[in-house]
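>>> Sequence and predicted structure below; questions after.
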Amino acid sequence: MAVDDQCKLKFLELKSKRNHRFIVFKIEDQQVIVEKVGSPDASYEDFTNSLPVNECRYAVFDFDFTTDENCQKSKIFFIAWAPDTSKVRAKMVYASSKDRFKRELDGIQVELQATDPSEMSFDIIKARAI
């Protein structure tokens, strides 16, 4: 499975320049490509709405939060989205390529696997970040 250079480039922009809130990746023709990029002011809801209901995707989300000590922090989440309604073959391809793709993105802090929107609710993201 090849990884398009744009994937790494956009991820570096998200990580260091913070000019994206999220990136959605998809596998197309044996290659991981960037499907969608969210602006820095995009919400978590904008992000979840950008994931297809019945197709697998990889995504990264830059989550900003305030700790109990009132410190501003940020964590980069890697989300493997594999809804139950997606095709079995697609789930297998995404599952078998996930670790290799994740290694290309240096700086992931939290990984999440979701098969249903409830498994990646805002509360779950917040709880995993702290």
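Perfect, thanks for sending it.

>>> could you point out the longest helix in this structure?
Longest helix in the chain, counting residues (DSSP state H): helix 88-104.

>>> Restrict that helix to CA atoms and write it as PDB.
What follows is helix 88-104, C-alpha atoms only, in PDB (Å, rounded to 0.1, in the frame of the first residue of the first chain):
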ATOM      1  CA  VAL A  88     -16.000  -6.700   4.400                       C
ATOM      2  CA  ARG A  89     -13.200  -6.400   1.800                       C
ATOM      3  CA  ALA A  90     -12.800  -2.600   2.600                       C
ATOM      4  CA  LYS A  91     -12.600  -3.300   6.300                       C
ATOM      5  CA  MET A  92      -9.900  -5.900   5.700                       C
ATOM      6  CA  VAL A  93      -7.900  -3.500   3.500                       C
ATOM      7  CA  TYR A  94      -8.100  -0.700   5.900                       C
ATOM      8  CA  ALA A  95      -7.300  -2.900   8.900                       C
ATOM      9  CA  SER A  96      -4.300  -4.500   7.200                       C
ATOM     10  CA  SER A  97      -2.900  -1.100   6.100                       C
ATOM     11  CA  LYS A  98      -3.500   0.900   9.300                       C
ATOM     12  CA  ASP A  99      -0.200   0.300  11.100                       C
ATOM     13  CA  ARG A 100       1.900   1.000   8.100                       C
ATOM     14  CA  PHE A 101       0.000   4.200   7.300                       C
ATOM     15  CA  LYS A 102       0.100   5.300  11.000                       C
ATOM     16  CA  ARG A 103       3.900   5.000  11.000                       C
ATOM     17  CA  GLU A 104       4.100   7.500   8.200                       C
END
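
>>> Okay, buried residues for the helix or strand following it please.
Next in sequence after helix 88-104, counting helices and strands by DSSP states H and E, comes strand 110-114. Residues 112, 114 are the ones in strand 110-114 that count as buried (16 or more other CB atoms under 10 Å). C-beta: built from backbone N, CA, C; applies to glycine.

>>> For strand 110-114, enumerate the helices and strands it packs against.
strand 72-81, helix 122-129 (3 or more CB pairs under 8 Å, 6 or more residues apart in numbering; DSSP states H and E).

>>> What average pLDDT does the strand or helix carrying residue 62 get?
For residue 62, the element it lies in under DSSP H and E is strand 57-66. The average pLDDT within strand 57-66 is 96.
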